[in-house]
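1. Sequence and predicted structure, then a few things I'm wondering about:
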Amino acid sequence: MSSFCNFSITSLYCSVNLSSRTFAQYIDYNPTMKVFAERFKELREDKKLSHRELAEALGVGNATISYWENGKYEITAENLIKVAKYFNVTTDWLLGLQD
C-alpha cells in the first residue's frame, strides 16, 4: 500500500492507495479540473493544433497535453498562466470560475 498526497492550485488530494483511485477517476471528484480538461481540449481543437504543436508552443512534453485533456495530470499554476496567455483567455475561464 502506498501513500500519496498532491497539492495543486485547485485542491489538496491524498490517497492511501493510489491503485484504488487514478487521476482519471479523480477528475470526477474535482469539477474544476473536469472543466479545465474540456475547455483546454476545445481550445486546442478549435485552433486545429496537434498535441506536438501545442506542446512546443507551451514548452511542455507531448504527453502532457494529452494528460491535461484527459485529467491524468493537474496543471500547475505556471502552466495554467501559459495556457491562458497562449489562447488569450483568463485562468478563471479555463477553470470554470467564469463563463
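-> Arrived safely, thanks for sending.

2. CA atoms for contacts and neighbours, from now on please.
-> Will do.

3. pLDDT score for residue 31?
-> pLDDT, residue 31: 75.

4. how close does it sit to residue 64?
-> According to CA to CA, to the nearest Å, residue 31 and residue 64 sit 20 Å apart.

5. For those two, indicate the residue with more neighbours.
-> Using other CA atoms under 10 Å, the more surrounded residue of residue 31 and residue 64 is residue 64, with 17 against 14.

6. And the helix or strand hosting the more buried one, what's buried?
-> Per DSSP states H and E: residue 64 is located in helix 62-70. Residues of helix 62-70 classed as buried: 64-70 (neighbour count, 16 or more other CA atoms under 10 Å).

7. what's the helix or strand following that helix packed up against?
-> Going down the chain from helix 62-70, the next helix or strand is helix 77-87, by DSSP H and E. Other elements packing on helix 77-87 under the criterion 3 or more CA pairs under 8 Å, 6 or more residues apart in numbering; DSSP states H and E are helix 51-58, helix 91-94.

8. Nearest residue to residue 90 in space, ignoring adjacent ones along the chain?
-> residue 84 (5.5 Å; CA to CA, 6 or more residues apart in numbering).

9. For that neighbour, give me its contacts.
-> Counting by CA atoms under 8 Å, 6 or more residues apart in numbering, residue 84 makes contact with 90-91, 94.
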